[in-house]
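[1] Pasting the sequence and the predicted model now:
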Amino acid sequence: MISILGAGAFGTALAVALAAKGPVTLWGRRIDWQGENPRLPGVALPDAITVTDDLNAALKAGTILLALPAQKLGAFLDDHAARLDGKCQVSTAKGIDLQRLTGPSTLIARACPRATVAVLTGPSFAADIARGLPTALTLACAEASAAEALQQRLSAPVLRLYRTTDVQGAELGGALKNVVAIAAGTVIGAGLGDSARAAIITRGFAEMTRLAAHLGARPETLTGLSGLGDLTLTCTSDQSRNFRFGAALGAGRPFDTATTVEGAATARALVRLAARDGLDLPIAAMVARLAEGEVSVEKAMDHLLRRPLKEE
């Protein structure tokens, strides 16, 4: 049996997709809906899904998908590590923990040293998966045999999974693209045009690749689904919360504070990481300042455009 911890839009969408293969338990802290998750309107839940707020029941499964926000995962693991240890845990979070400056897989491995740790990431919107639209994702696990078994277990008619052992690279691709998506949204919201967006995406990808290599990832991983694929999707669609947040910043519009924007916290984490390791991450630094209201869009763009000229 598979359990998904986190009954948000993405966790629910995964449950819908995986229910085509067998029973799935979907856990959330507060389940005040029946039959349809209000975050996925129009999507009926298959009978194979058991929705519960009973964590003990959900933790009976041997395979646990952690569909929790990146900035909440650490605290959840602190509270429940003893019961999670020894299980196969698959993180779907896309971010870098602001306090610990690590990704979800490291958080899991530290809290649960006997666990099999994997990451499921790549270009995907919850609404697309829930409606049965085809989606390809990256499944990263350092243990090759475990990765193969998980690939079979988590593949579904609408989910095609490609596996890799480069957990760090896959995880960083999913986290860092959110920061670039905010920058791309800001460019569009400010009316600077698609050419400027293309420049931000390209230079953002270069920044992502440099940082990933510095942290021990394989650069080629960033050219796959979990890096370039996810970056392309997130920087070009209004379905992306990070892109919409950036567009609101660029246009000077308010943004719903109840909406999780992982890229804003990740940008702040990257500023701290850059200071620690002596890295130059100009786009991440500017996104962090924009998100905190420390600089105007005009000054941010002027700063980036006035950087020293150099070879590509």
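    Done, it's in.

[2] In terms of helix, strand or coil, where does residue 89 fall?
    strand (DSSP: H, G, I helix; E, B strand; the rest coil).

[3] Then the one 5 residues further on?
    Assigned by three-state DSSP, the conformation of residue 94 is coil.

[4] So it versus residue 26, what's the distance?
    The gap separating residue 94 from residue 26 is 20 Å, by C-beta to C-beta, to the nearest Å. From N, CA and C alone the C-beta is placed, and that goes for glycine too.

[5] and residue 76, what element?
    Taking DSSP states H and E as the criterion, residue 76 maps to helix 70-84.

[6] Output that helix as CSV, nothing but the C-alphas.
    Taking Å, rounded to 0.1, in the frame of the first residue of the first chain, the C-alpha atoms of helix 70-84 are listed here in CSV:
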residue,chain,number,x,y,z
ALA,A,70,9.6,22.3,1.7
GLN,A,71,9.6,24.8,4.6
LYS,A,72,7.3,22.5,6.7
LEU,A,73,9.0,19.2,6.0
GLY,A,74,11.8,19.6,8.6
ALA,A,75,9.4,20.2,11.5
PHE,A,76,7.2,17.3,10.4
LEU,A,77,10.2,15.0,10.4
ASP,A,78,11.3,16.3,13.8
ASP,A,79,7.9,15.3,15.2
HIS,A,80,7.5,11.9,13.5
ALA,A,81,10.9,10.6,12.6
ALA,A,82,10.7,7.6,14.9
ARG,A,83,7.6,6.3,13.1
LEU,A,84,8.9,7.1,9.6
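
[7] Only the buried residues of it, if you could.
    Across helix 70-84, burial judged by 16 or more other C-beta atoms under 10 Å covers 70, 71, 73, 74, 76, 77, 81, 84.

[8] Strands along the stretch 101-250 of the chain, start to end?
    Ranges of strands in the stretch 101-250 of the chain, per DSSP state E, counting those that start in this stretch, are 116-121, 135-141, 159-164.

[9] before we move on, the earlier item: tell me which two of the buried residues of helix 70-84 sit farthest apart.
    71 and 84 (18.3 Å; C-beta to C-beta).

[10] So residue 87 sits against residue 111, correct?
    No: with contacts defined as C-beta atoms under 8 Å, residue 87 does not count as touching residue 111, sitting 11.8 Å away.

[11] Show me which of those two is the more surrounded one.
    More crowded of residue 87 and residue 111, by other C-beta atoms under 10 Å: residue 111, with 20 against 17.

[12] avg pLDDT for stretch 25-38?
    On average, the pLDDT along stretch 25-38 is 89.

[13] For residue 278, give me phi and psi.
    The phi and psi values for residue 278, taken as degrees, to the nearest 10, are phi 70, psi 40.

[14] Please tell me the pLDDT value assigned to it.
    Confidence score, pLDDT, at residue 278: 96.

[15] Can you give me the neighbour number for it?
    There are 7 residues near residue 278, going by other C-beta under 10 Å.

[16] Check the gap between it and residue 214 for me.
    From residue 278 to residue 214 the distance is 10 Å (C-beta to C-beta).

[17] Same question for residue 109.
    Applying C-beta to C-beta to residue 109 and residue 214 gives a distance of 20 Å.

[18] which of these two has more neighbours?
    Neighbour count, other C-beta under 10 Å: between residue 109 and residue 214, residue 109 has more, with 17 against 14.

[19] Nothing else from me, thank you.
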